[in-house]
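> Okay, here's the prediction I keep looking at, along with the sequence it came from:
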Amino acid sequence: MTHTRHALAVATTLVALLLAALLAGGCAPKRSITGIPDGGTQEPRPAPQAEPQRARTVTLSTPYDSKEARRKLVPGRNTVRGTATARLPGGEVKTCAGKPVTLVPVTAYSSERMFALYGSDDKGTLRLGQGAAPPPVITNDDPQYLADHPQTVCTDSGAFVFKDIADGQFFIVTGFAWQAADGKPQGVGLMQRVSVSGGQTRKIEMKP
């Protein structure tokens, strides 16, 4: 029960604003006692542990321009509607229900940042949790970057909408977690670029 509560607690805190922390879970390795010929025992030895993977560090070369980002977030006439889902190997579908979705205008800084995290500034997936490599750590991320960008929350069906968006290009970013069959928390971060203009409604489907 303790392990289940721990896994659920980790899963529910996965995306504070996405990709900031790696999911972790599981138990400490068991210690084994090995018998010796005279019938006694020797001191317990810890089971060998694999070396933890180290997160790659990235230093962005482009300074963040808060004024530029906010100019691109002035009200407009466009709408972006979307869904964010992930299909598990067994066929079960997980969604972003109850999780935040962030709208980020495309700038030199946000493009470099997305490429650092996702390996692309068009569309990408960051897998989190047991067995996944730790997400990159941006050494000089500007705290104002996250503060500037609007968010919405996914509905129970995993749908979201941003209304009154100005003409331009934007990144849509979200992430969500679940408990795998073995009890370990797993998750994904999803990013996709969209372009809107002329009062259009753009529909997207975000998937790994």
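Noted; the coordinates are in hand. Numbering: from 1, shown residues only.
> Thr155: neighbouring residues, count only.
Neighbour count of Thr155, defined by other Cβ atoms under 10 Å: 14. (Each C-beta comes from the backbone N, C-alpha and C, glycine too.)
> Tell me if it really is in a strand.
No - per DSSP: H, G, I helix; E, B strand; the rest coil, Thr155 lies outside any strand segment and is coil.
> does the nearest residue in space to it that is not next to it in sequence count as helix, strand or coil?
Spatial nearest neighbour of Thr155, chain neighbours left out: Ala97 (6.7 Å); criterion: Cβ to Cβ, 6 or more residues apart in numbering. What three-state DSSP gives for Ala97 is coil.
> worst-scoring helix or strand of this structure, pLDDT-wise?
Every helix and strand of the chain was ranked by mean pLDDT, DSSP states H and E. The lowest is strand 31-32, at a mean of 32.
> about what we covered before: what's near enough to touch the residue nearest to Thr155?
Shown in contact with Ala97 (Cβ atoms under 8 Å, 6 or more residues apart in numbering): Cys154, Thr155, Asp156, Ser157, Gly158, Phe176.
> Tell me the confidence at the second one?
Read it as Thr155. Thr155 is assigned a pLDDT of 97 by the prediction.
> Would you list the phi and psi of it?
phi -70, psi 180 (degrees, to the nearest 10).
> low-confidence ranges in the chain?
Scanning the chain for pLDDT under 70 picks out 1-52.
> in the chain, which spans are strands?
For the chain, the strands defined by DSSP state E occupy 31-32, 45-46, 57-58, 75-87, 93-95, 100-105, 123-129, 137-138, 151-153, 159-165, 168-179, 185-196, 201-206.
> so Ala159 touches Thr83, yeah?
Yes - between Ala159 and Thr83 there is a contact under Cβ atoms under 8 Å: 5.1 Å.
> Among the contacts of Ala97, name the buried ones.
Neighbour-count burial (16 or more other Cβ atoms under 10 Å) applied to these gives Cys154, Gly158, Phe176.
> In TSV: these, plus distance to Arg193.
Listed next are the buried ones among the contacts of Ala97 as TSV, based on distance: Cβ to Cβ, whole Å:
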residue	distance to Arg193
Cys154	19
Gly158	20
Phe176	20
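> What is the neighbour count of the nearest residue to Pro105 once chain neighbours are set aside?
The spatially closest residue to Pro105, leaving aside those adjacent along the chain, is Lys72, at 3.6 Å (Cβ to Cβ, 6+ apart). A count of neighbours around Lys72, defined by other Cβ under 10 Å, yields 20.
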